[in-house]
Every structure is written in C-alpha cells, then in structure tokens.
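In: Could you work out the structure for the sequence below:
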Amino acid sequence: METDVEERLLQVCQGQIKRLELIFEGFRTLTEASIHETDRMKEEVQRHSSDLARFLIGKTSSGEKEKEWVKPYLSMASSFERMGYNMDGMVDRLNSMLKERIPFSDRAIKEVNDIFQEAMDLLESLPDLIQKKDILFAQHMGERVRSILKIANGYSEEHEERLIQGVCVPKSSPIYLGLIESLRGVIAHTLEIGGKIVSLAAKA
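Out: Residues are numbered from 1 along each chain as shown. Just a heads-up that it's a prediction; the model follows:
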C-alpha cells in the first residue's frame, strides 16, 4: 500500500471513529449540543473522503494497470462512505428521540450500548490493521464480527417479541430497531474494509 493512500485511508478511518464516538456520546446524553457536534465531524470526514476519492481517481488516468491497482482502494472508500450513511441514520434517530421525547427501557438502552461498544472496538482496530496488515488479526476480527452480528440479530428478534407482548412502547420500536440496524451496517462495512486490506497484503 502506497504511503499516500495509507495516510488518506487513515484520515478517513480516524474521522469515522471520532464521529461514531460522538454519536455514542449523543445516545448516552441525548442533548442537542452532543448531537449537533456530530454534524461538524461529518463535514470533516466528507472532506477527507473527497480527498481520498480524488487521489484514487487521479491514479486511474495513468493506464489499465493503475486502474486495476486502484479498484480495492475505491472499494474501501465506498465502504467508508456507506458506513457514513449508517451513521447519518443514527443521528436522525437520536434527533427523533430528543425532539419527540421517545423513551427507551433500561434493557433497550443496555442492548444498544452493547452493540455501540462492539462497533466502536472494531472500528478502532482498523487503523492498526491498515498499518500492520496482520492477517491473523483480520481473521480474528471476522470471527468477532460474526459473533456480534448474531447477538445484534438476537436483540432485534427479542425486541420484536416484547413488542408483540406489549412490553415495549410502539413509538420507540422503529428507533431502537433502526439504531441496531445502522450499527450492524457499521460493523459489516468495517469487516469489508478489513477483508480488502488483508487481500491486498496477501498479494503483496
């Protein structure tokens, strides 16, 4: 991986880590100020993403060999972009929770916190993987992701069952399920990026 590409990938990755941290804080405090702070970080991430995309597209103008070389990096840039869309969805739901005073049960708060923390831990491991390209570490990440997604799916199914039984408030249900779904997206895109990094390392 070229140093210029690695530096730009790390910038985007660190920005998404910081943004997810702010969203997590927004969920825990649910204040207008904490949620608003995520918008500022979104703009910063978008600048780094645009810089990465321009750099990579510039590389493709040199010839067919360069076009093939750049494809996995464009795929990673796309995964980071789609990860950002998942984060946009979380911010929208936090805004709804705040404005409409939508309550969560203690159990729902704990479950969302659990998946948030797992998503944070995984995303925070990406910079190390980008720099070290450790195949065994990436394989461990893949196993962990499968386990986390299974837990997240279980939470969603249990929540729907509680909703049917009248234990959960219908108004909070789409917000809860939407947060879990968006976090699953962040986790899945983290795995996609990790897989691309390892694939490139194996070919090097």
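
In: Which positions in stretch 114-132 come out as buried?
Out: For stretch 114-132, the neighbour count (16 or more other CB atoms under 10 Å) marks 115-116, 118-120, 122-123, 125-126, 129-130 as buried. From N, CA and C alone the C-beta is placed, and that goes for glycine too.

In: repeat for stretch 74-84
Out: Neighbour-count burial for stretch 74-84 [16+ other CB under 10 Å]: 74, 76-77, 79-81, 83-84.

In: now do stretch 11-18
Out: Buried residues in stretch 11-18 (16+ other CB under 10 Å): 11-17.

In: Just send the buried residues of stretch 74-84 back as TSV, with secondary structure too.
Out: Converted to TSV, these look like this (DSSP: H, G, I helix; E, B strand; the rest coil):
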residue	secondary structure
Leu74	helix
Met76	helix
Ala77	helix
Ser79	helix
Phe80	helix
Glu81	helix
Met83	helix
Gly84	helix
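
In: Pipe those into JSON lines and attach distance to Gly58 and pLDDT per row.
Out: Shown next, in JSON lines, are these (distance: CB to CB, whole Å; pLDDT from 0 to 100):
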{"residue": "Leu74", "distance to Gly58": "12", "pLDDT": "89"}
{"residue": "Met76", "distance to Gly58": "16", "pLDDT": "92"}
{"residue": "Ala77", "distance to Gly58": "13", "pLDDT": "92"}
{"residue": "Ser79", "distance to Gly58": "20", "pLDDT": "94"}
{"residue": "Phe80", "distance to Gly58": "18", "pLDDT": "95"}
{"residue": "Glu81", "distance to Gly58": "18", "pLDDT": "93"}
{"residue": "Met83", "distance to Gly58": "23", "pLDDT": "96"}
{"residue": "Gly84", "distance to Gly58": "22", "pLDDT": "95"}
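
In: Now intersect the buried residues of stretch 11-18 with the helices, please.
Out: 11-17 (DSSP state H).

In: contacting residues around stretch 98-110?
Out: 30-32, 35, 96-97, 112, 159, 167-169, 171-172, 175-176 (CB atoms under 8 Å, 6 or more residues apart in numbering).

In: Neighbour-wise, give me the winner out of the residues you listed.
Out: Compared across these, Tyr176 has the highest neighbour count, 25 neighbours, by other CB atoms under 10 Å.

In: Could I get the full set of helices for this protein?
Out: 3-29, 32-59, 64-99, 106-132, 135-164, 173-203.

In: circling back to that earlier point, out of the contacts of stretch 98-110, what pair is the most spread apart?
Out: Glu32 and Val167 (29.9 Å; CB to CB).

In: Now distance to Gln46 and pLDDT too, for the ones in helices among the buried residues of stretch 11-18, in CSV please.
Out: Output for those, formatted as CSV (distance: CB to CB, whole Å; pLDDT from 0 to 100):
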residue, distance to Gln46, pLDDT
Gln11, 12, 94
Val12, 10, 95
Cys13, 14, 95
Gln14, 14, 95
Gly15, 9, 95
Gln16, 11, 96
Ile17, 15, 96
